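1. My questions concern the predicted model and sequence given below.
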Amino acid sequence: MLEATLSALEQSARLRIAGAQSLEELEAVRVDALGRKGTLAQASKEMGKVPAEERGRIGKLLNAVKQQLEEALDAKKRHFEEAALKARLDSEWIDLTLPAAGVPRGHLHPISKIQAEIEDLFISMGFVVLDGPEVETEYHNFDALNIPADHPARDMQDTFWVEGGHVLRTHTSPVQVRGMEKLGPPLRMIAPGRVFRNESVDASHDHTFYQLEGMMIDRDVSVGNLTYFMKTLLGSIFGREVTVRLRPGFFPFVEPGFELDIQCLLCGGPGCAVCKQSGWVELLPCGLVNPNVLRMSGIDPEEWNGFAFGLGMTRLVMMRYGIDDIRQLQSGSLRFLNQF
Ligand code: DAH
């Protein structure tokens, strides 16, 4: 009787073990069959009814069933564990031949890019790249450029004054003066850098922006030399030949002074929104160096002359990349910068 019960119990437990789909199901089988209140425990209560001479054999049988079910449960459990391990190893598999994801690299600011391009170009034409202080003396920023204290041109530039009579340089032109003082003639120099104006900020004005100054001093420098270098500069920046024209412009440190325009690159002349229907875009002021400026820096204007120009690098970057708000450039916003 008990023997039959044990055999049925074992069979049904084995079927459930075989069918178990998870460790949880397996545990439920173990509790049902081998737990304290499980079927095997129930069956062993029947031992008392077994005739004495049969007890030894049935007892062994009972132990054997218990042991075999435990082994079957253990085997199935190992099966689940191995499958889980294999799945984990498969998912963690590393292909050492794949290229590394790498650390994301930064890149140059668009102003730095243009600056580097222009520097390379001028270096190839025999110019040196000079640097000057951002906190400048009043003399270098104004007087030595033929802008005396009472000159109305001082009002043209809204100046940040610093304690002790110094200024935050309002343009890169003082580096011309430093170049002449330090190197003397003949001189071919450019000076890129940050300049400051006490202006209210809007989409086209910032208190801090970038200019690039250029100066060439030699014997018999002419407006023709000036136009040649400017055409070379602009052709290289815009990647094609540009047509330029000079209009008279006033700056105390040049005589004659010019506003250099380029023929509109978008419409090529007839007029469009970018050139405000004029066909021309004002690009950079320039001129032949005023003899007073040469003299003040110890250069004899009877022997030497030259040209100078001041390129608005910030504006140029905005034109080249179609940026319509100057404030973006110094915002530090990665959403903006990562476009370049
Ligand atoms: N320094 C002038 C400015 O910032 C720009 C300029 C004009 C520079 C004429 C020059 C020049 O070298 O020749 O407004």
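-> Received, thanks. Numbering: from 1, shown residues only.
2. Arg88 should be in a strand, yeah?
-> No. With DSSP: H, G, I helix; E, B strand; the rest coil as the criterion, Arg88 is assigned helix and is not in a strand.
3. Which pLDDT value belongs to it?
-> At Arg88, the predicted lDDT confidence score is 91.
4. Roughly how far does it sit from Glu82?
-> Going from Arg88 to Glu82 by Cβ to Cβ, to the nearest Å gives 11 Å. All C-beta atoms are positioned from the backbone trio N, CA, C, and that covers glycine.
5. residues from the stretch 101-250 of the chain in reach of the ligand?
-> With Cβ under 6 Å from any ligand atom as the criterion, the stretch 101-250 of the chain meets the ligand at residues His171, Ser173, Glu213.
6. and the first one, how many neighbours does it have?
-> I take that to be His171. 22 (other Cβ atoms under 10 Å).
7. for it, phi and psi?
-> phi -160, psi 170 (degrees, to the nearest 10).
8. Gly214 now?
-> Main-chain torsions, Gly214, degrees, to the nearest 10: phi -140, psi 150.
9. Check Gly306 too.
-> According to degrees, to the nearest 10, Gly306 has phi -180, psi 180.
10. again with Phe209
-> Per-residue torsions, Phe209: phi -150, psi -180 (degrees, to the nearest 10).
11. now do Gly287
-> phi 170, psi -180.
12. hang on, the earlier thing: can I get the residues of the stretch 101-250 of the chain next to the ligand in CSV with distance to Gly106?
-> As requested, these are exported to CSV (distance: Cβ to Cβ, whole Å):
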residue, distance to Gly106
His171, 30
Ser173, 32
Glu213, 28
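13. With respect to Asp325, which of the residues you listed is nearest?
-> His171 (22.6 Å; Cβ to Cβ).
14. per-residue pLDDT, the residue nearest to that closest one when sequence neighbours are not counted?
-> In space, and not counting its chain neighbours, His171 is closest to Val195: 5.3 Å by Cβ to Cβ, 6 or more residues apart in numbering. Looking at Val195, its pLDDT reads 97.
15. burial of Val195, as a residue count?
-> 25.
16. now Ser297
-> 22.
17. now do Arg327
-> With other Cβ under 10 Å as criterion, Arg327 counts 15.
18. show me what contacts it?
-> Arg327 makes contacts with Val201, Ala203, Asp206, as judged by Cβ atoms under 8 Å, 6 or more residues apart in numbering.
19. Might you list the low-confidence residue ranges for the stretch 151-300 of the chain?
-> Residues of the stretch 151-300 of the chain meeting the criterion pLDDT under 70: 153, 155-156.
20. returning to what we had before: off-centre distance for the host helix or strand of the residue nearest to His171?
-> Per DSSP states H and E, Val195 falls inside strand 187-196. The chain centroid and the centroid of strand 187-196 are separated by 25 Å under Cα atoms, centre = their mean, to the nearest Å.
21. just checking, what packs against that strand?
-> The helices and strands touching strand 187-196, judged by 3 or more Cβ pairs under 8 Å, 6 or more residues apart in numbering; DSSP states H and E, are helix 110-124, strand 128-129, helix 174-183, strand 208-218.
22. hmm, try it at 6 Å
-> Helices and strands touching strand 187-196, by 3 or more Cβ pairs under 6 Å, 6 or more residues apart in numbering; DSSP states H and E, are helix 174-183, strand 208-218.
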